[in-house]
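1. give me a 3D structure for the following:
(one chain, ligands or ions: 4)
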Amino acid sequence: MLTLNKGLILFSYEHCQQCGICKTACPQKAISFKLRKNGLQDIIIDIDKCILCKKCVNICPANKECNYRDYSDEFPNKKYFLGFNSNDKIRRESSSGGVCKTLIIEGLRSEYIDGVYTLKKTDKYPYAEGEFYTKENIPDYCDLPNSIYHSVMACTNVNRIEKCNRLMIVGTSCQLRALEKFAKNKCNELIKICIFCKQQKTLDSTRFLAKIIGEKINKDKEFDAQYRGTGWPGIVKINNSSLPWHRAAQLPFGRRLWTVPGCDVCGDSYGIESNADITLMDPWIIRKSNELGETLITVHTEKGLDILKDIPNIVLEAKSYTEVEPALSLKDVWRKQQLVPFFRGEECGDKIIKAGKAEFRQRKILSCIAKKLPRMPILFYRVLCKFPDLRNKILK
Ligand SMILES: Cc1cc2nc3c(=O)[nH]c(=O)nc-3n(C[C@H](O)[C@H](O)[C@H](O)COP(=O)(O)OP(=O)(O)OC[C@H]3O[C@@H](n4cnc5c(N)ncnc54)[C@H](O)[C@@H]3O)c2cc1C
Ligand code: SF4
Ligand code: SF4
Ligand code: SF4
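-> Ligands and ions are numbered 1, 2, ... in the order given. Okay, the predicted model is just below:
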């Protein structure tokens, strides 16, 4: 997070959401990145170049406090679908149903949209970067990454966005918040696709997964990482070794270990504060295992509904709120929201302080066990996960 304090631009790593937009926003090229061992970037400000214009401060998504009051009240009135690409191969190789890639690619092919800003795969860590696509430059399905759970500074290439009529931006809630200002000035109509997200990970999380499956990785040495795809819920694959995702997800990294620090001050997993038109997520609980995968779609706006109807190659099955409610993670999002003031260092009640401190302790102990102990059988980590989540116990 960036703030202006006593005539200096200050960077707080503890609140940084690793979106990368500050560097692009700076007119003086006064901002650079320095990669940490955990795969996250420190933001360095060159005070000799800085003219204190505050552009970086104003655009930083971590500075924007959201209004969480009544956040979930509207959910019973929203529209929901399970959706997937009509081609079984694409569906199977995507994160869940491949709806996101279909919106991007078929949206451009059918000329429903004339520009998209999203990620493209690269061959160097973090293995993805922001890219602007047009109908002259339509990606193939294999050019777009599946869900990447280690941190990607998705907004560093926003300068590639060219003026167009209907522009689609795709990203997690913080990335949409960061992108919005830039994108609005570049188009007549903006469509926002939110990738539901409760946390993004540091490289230590991938190192832990690598350890479990008998691989070793380093940010300076190339490695192959695939977090999802190959069916649903898919696999995690590091170099040549893989683990079914439903087993990987039971490991204690799900307990908010090795999380990007700024994720602690983000309680808007659905992108509601950034006015997302639709949010895409996994149908956990309501679809236990399905070789081919489906994407759970929450529709927030009329525009969102039109996109789904008008962009070809998406098969849709309408669902009621009651049918999808177990998969919406609303309770988890609510718990995150409760602790945001604690992590922002603001005044909060005793219960919140107790839950926040308990979460800190829990993360410390679990990450210490996971780091210090040699490679243990998966059963060991599954038992570890059976211990009650202290934050949830206190907040209930
Ligand atoms: C960091 C992260 C955390 C998530 N957490 C959850 C969760 O807790 N619960 C849940 O139900 N779903 C979560 N998801 C969403 C889920 O993994 C799928 O992305 C979603 O179901 C869409 O599936 P799809 O098949 O339509 O996507 P696909 O068609 O496979 O397309 C994936 C799209 O996501 C983009 N993308 C991938 N990684 C990133 C990234 N790091 N930042 C920005 N864009 C990215 C790609 O560029 C591509 O456009 C998370 C996704 C991410 C990236
Ligand atoms: S205040 Fe302006 S010049 Fe200084 S780092 Fe931020 S954007 Fe750059
Ligand atoms: S959250 Fe984004 S804009 Fe803010 S400091 Fe971090 S990388 Fe820069
Ligand atoms: S939890 Fe919030 S801050 Fe963290 S990556 Fe996801 S959307 Fe961004």
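2. Cys100 against Ile193, yeah?
-> Yes. At 6.5 Å, Cys100 counts as touching Ile193 under the criterion of Cβ atoms under 8 Å. Glycine gets a C-beta too; all of them are placed from N, C-alpha and C.
3. need the overlap of contacts for these two.
-> Jointly contacting Cys100 and Ile193 under the rule Cβ atoms under 8 Å, 6 or more residues apart in numbering are Val170, Leu280.
4. so who does Ile297 touch?
-> Tyr80, Phe81, Leu82, Gly83, Val99, Ile278, Thr279, Leu280, Leu308, Leu316.
5. next one: Phe132
-> Gly115, Val116, Tyr117, Asn157, Arg160, Ile161, Glu162.
6. how about the strands in the stretch 51-200 of the chain?
-> 79-85, 115-121, 128-133, 164-171, 187-195 (DSSP state E, counting those that start in this stretch).
7. only alpha carbons, please: show the helix or strand that contains Pro341 as PDB.
-> Applying DSSP states H and E as the criterion places Pro341 in helix 330-343. Extracted C-alpha coordinates of helix 330-343, given in PDB (Å, rounded to 0.1, in the frame of the first residue of the first chain):
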ATOM      1  CA  LEU A 330     -20.400 -16.100   2.000                       C
ATOM      2  CA  LYS A 331     -19.500 -17.000   5.600                       C
ATOM      3  CA  ASP A 332     -15.800 -17.100   4.800                       C
ATOM      4  CA  VAL A 333     -16.100 -13.700   3.100                       C
ATOM      5  CA  TRP A 334     -17.900 -12.400   6.100                       C
ATOM      6  CA  ARG A 335     -15.200 -13.600   8.400                       C
ATOM      7  CA  LYS A 336     -12.500 -12.000   6.300                       C
ATOM      8  CA  GLN A 337     -14.500  -8.700   6.400                       C
ATOM      9  CA  GLN A 338     -14.800  -8.800  10.200                       C
ATOM     10  CA  LEU A 339     -11.000  -8.900  10.500                       C
ATOM     11  CA  VAL A 340     -10.100  -6.200   8.000                       C
ATOM     12  CA  PRO A 341     -10.100  -3.400  10.700                       C
ATOM     13  CA  PHE A 342      -7.800  -5.500  12.800                       C
ATOM     14  CA  PHE A 343      -5.300  -6.000  10.000                       C
END
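8. and stretch 263-270, end to end?
-> End-to-end span of stretch 263-270 (Cα to Cα, to the nearest Å): 13 Å.
9. show me what contacts the residue nearest to Lys186 when sequence neighbours are not counted?
-> Spatial nearest neighbour of Lys186, chain neighbours left out: Ile161 (4.9 Å); criterion: Cβ to Cβ, 6 or more residues apart in numbering. The neighbourhood of Ile161, defined by Cβ under 8 Å, 6+ apart, consists of Gly115, Tyr117, Phe132, Leu167, Phe182, Ala183, Lys186.
10. include pLDDT and distance to Leu108 when you put these into CSV, please.
-> Listed next are those as CSV, based on pLDDT from 0 to 100; distance: Cβ to Cβ, whole Å:
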residue, pLDDT, distance to Leu108
Gly115, 98, 8
Tyr117, 98, 12
Phe132, 98, 11
Leu167, 98, 11
Phe182, 90, 20
Ala183, 95, 16
Lys186, 96, 16
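11. now for those, which pair is the farthest apart?
-> Gly115 and Phe182 (12.4 Å; Cβ to Cβ).
12. about what we covered before: for the helix or strand following the helix holding Pro341, name the packing helices and strands.
-> Where DSSP H and E defines the elements, the next helix or strand beyond helix 330-343 is helix 350-372. Packed against helix 350-372 by the contact rule (3 or more Cβ pairs under 8 Å, 6 or more residues apart in numbering; DSSP states H and E) you find helix 203-212, helix 330-343, helix 378-386, helix 390-395.
13. quick one: contacts of the longest one?
-> Under the contact criterion Cβ under 8 Å, 6+ apart, helix 330-343 has outside partners 15, 68, 71-72, 75, 198, 264-267, 269-270, 347-348, 352-353, 355-356, 359, 391-392, 395.
14. would you mind naming what in the chain lies close to ligand 3?
-> 1-2, 16-22, 43, 60-62, 262 (Cβ under 6 Å from any ligand atom).
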